[in-house]
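Visitor: fold the following for me, if possible:
(one chain, ligands or ions: 1)
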Amino acid sequence: MSFSNFGLDARLQKSVALLGFEQPTPIQAATIPVALTGQDILGSAETGTGKTAAYLIPVIQKMLAQNTPAQVAPHSLRVLVLVPTRELALQVAEQAQALVKHTDLRVAAIYGGVGMVNQEQQLKRRTDIIIATPGRLQDHMSRGYASFKDLQVLVLDEADRMLDVGFLPAIRRIVRELPRERQTMLFSATLVAEILSLASEVTRKPARIAVEKTVTPQAIEQTLFTVPEHQKTEALHKLLADNEMESVLVFARTKHRADKIVKHLKKANIRADVIHGNRSQNQRVAALEAFRAGKARVLVATDIAARGIDVEGISHVVNYDMPMQAEDYVHRIGRTGRAQAVGSAYTLVTPLDEAQVKKIERILSQKLPRRRIEGIDPNALALNQPDAEAIRRYVEAQRQRKPAMASR
Ligand code: AMP
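Guide: Numbering: from 1, shown residues only. The predicted structure follows:
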């Protein structure tokens, strides 16, 4: 199977080749021919499978095929892609830009956290493909800047993530404004009940397409390190002493913990940056760019901020904190080992995480190997959290007592 089998417009075929895509990935092979017929699609596919191009290629092909003035007003808003995060909006837009490079089609990304004016201008310029986060798009719609009367295709990308972050009401309001006669493609990593219900609202007789991730977790070297909670930062420093850890994505449970880790790393002269929900759009873009360009060796992220991150050449993923949802483990470690490269995923495990480890091993159908970190004593695990807290209070109480004794 090759891209030439799809009978793509020569301009699009050229862009696909320039992107270095030689063969369609399984989701592309399954989606592109169906999408070209105009049928709705309900796809279950994760980031890393090539799902972005799986919907962009057919929509661009269809626009090129009808791009004659007699058929359609030039540059009318014909395709809307809704995504959960600004990062994903930028990444999808980047790929769309690359695919339309040899055509006169226009692409714009619309997302929150930046000024409205530039985006208003892009909307007024009559853009062909809009990639938007639902909240910001709604703002523009309420001001009358986005007209969807010519819309032909709606794509909901990472629909499960959009529901996770509470975009369902915004999606519903947007969909109400769209023409009923349209093609709808919905992609989601999981097809849970809420997604199926949304799909029944927005799609008509969709073709169901499911693919496995091309980078299987099995292709990633996974290791668990048992460490006591209070020695996690030390453990991370020790792991980072390995120079082979060139480009490391570290996951932390909270924004506060992410900030703390970066502070420690910087103190130790390790080039590190952080992305999480409290950082401005400019800070996030700058952090991602620094990481991509190799200026930051370590990028610390929370789960939500990390969604949609697609940076090639991440050598290691480190779960400083175990994910709250066992399913997110697979999502996180999939950030390394992309494009057939072998990556490594390290997870710091405290006694409180053991139940979660079991869940993850069940999902992966494999037992994950454990290793020790030189200088970190797993026996310190005997001190579980409540004990450690009791000892801290005892030591503190002793300290408080000293001056009193001295003054006697
Ligand atoms: P996605 O799942 O859309 O986030 O894509 C994951 C990565 O795979 C991106 O870096 C794409 O550029 C890349 N990719 C998508 N399709 C292909 C293909 N047919 N061949 C090689 N790489 C691809």
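
Visitor: part of a strand, is Leu368?
Guide: No. Leu368: not assigned to a strand; according to DSSP: H, G, I helix; E, B strand; the rest coil it is coil.

Visitor: Thr226 is in contact with that one, correct?
Guide: No. At 11.5 Å, Leu368 does not count as touching Thr226 under the criterion of C-beta atoms under 8 Å. C-betas here are computed from N, CA, C, even on glycine.

Visitor: those two - which one has more neighbours?
Guide: Using other C-beta atoms under 10 Å, the more surrounded residue of Leu368 and Thr226 is Thr226, with 21 against 16.

Visitor: how near is the more buried one to Asp377?
Guide: Remark: distance between Thr226 and Asp377 (C-beta to C-beta, to the nearest Å) = 10 Å.

Visitor: got it, and Val318?
Guide: Distance, Val318 to Asp377, using C-beta to C-beta: 20 Å.

Visitor: those two: which is more packed in?
Guide: Neighbour count, other C-beta under 10 Å: between Val318 and Asp377, Val318 has more, with 26 against 12.

Visitor: mind listing what that one touches?
Guide: Going by C-beta atoms under 8 Å, 6 or more residues apart in numbering, Val318 touches Leu236, Leu239, Val248, Leu249, Val250, Phe251, Ala345, Tyr346, Thr347, Leu348.

Visitor: 10 Å - rerun?
Guide: 225, 235-236, 239-240, 245, 248-252, 261, 298, 300, 332, 336, 344-348 (C-beta atoms under 10 Å, 6 or more residues apart in numbering).

Visitor: so what's the backbone phi/psi at it?
Guide: When read as degrees, to the nearest 10, the backbone of Val318 gives phi -120, psi 120.

Visitor: report pLDDT for it.
Guide: What the model reports for Val318 is a pLDDT of 96.

Visitor: quick check: can you list the domain ranges of the protein?
Guide: 3-210, 220-403 (automatic domain parsing).

Visitor: run the chain-centre distance for the last one.
Guide: Here the centre of domain 220-403 is set off from its chain's centre by 17 Å, with C-alpha atoms, centre = their mean, to the nearest Å.

Visitor: quick check: Ala17 vs the ligand, distance?
Guide: 11 Å (C-beta to the nearest ligand atom, to the nearest Å).

Visitor: what about that residue, which helix or strand?
Guide: helix 10-18 (DSSP states H and E).

Visitor: quick one: contacts of that helix?
Guide: Contact with helix 10-18 is made by 2-4, 6-9, 21-22, 24, 28, 53, 56-58, 60-61, 63-65, 95, 97-105, as judged by C-beta under 10 Å, 6+ apart.

Visitor: am I right that Val81 is in a strand?
Guide: Yes. Assessed by three-state DSSP, Val81 belongs to a strand.
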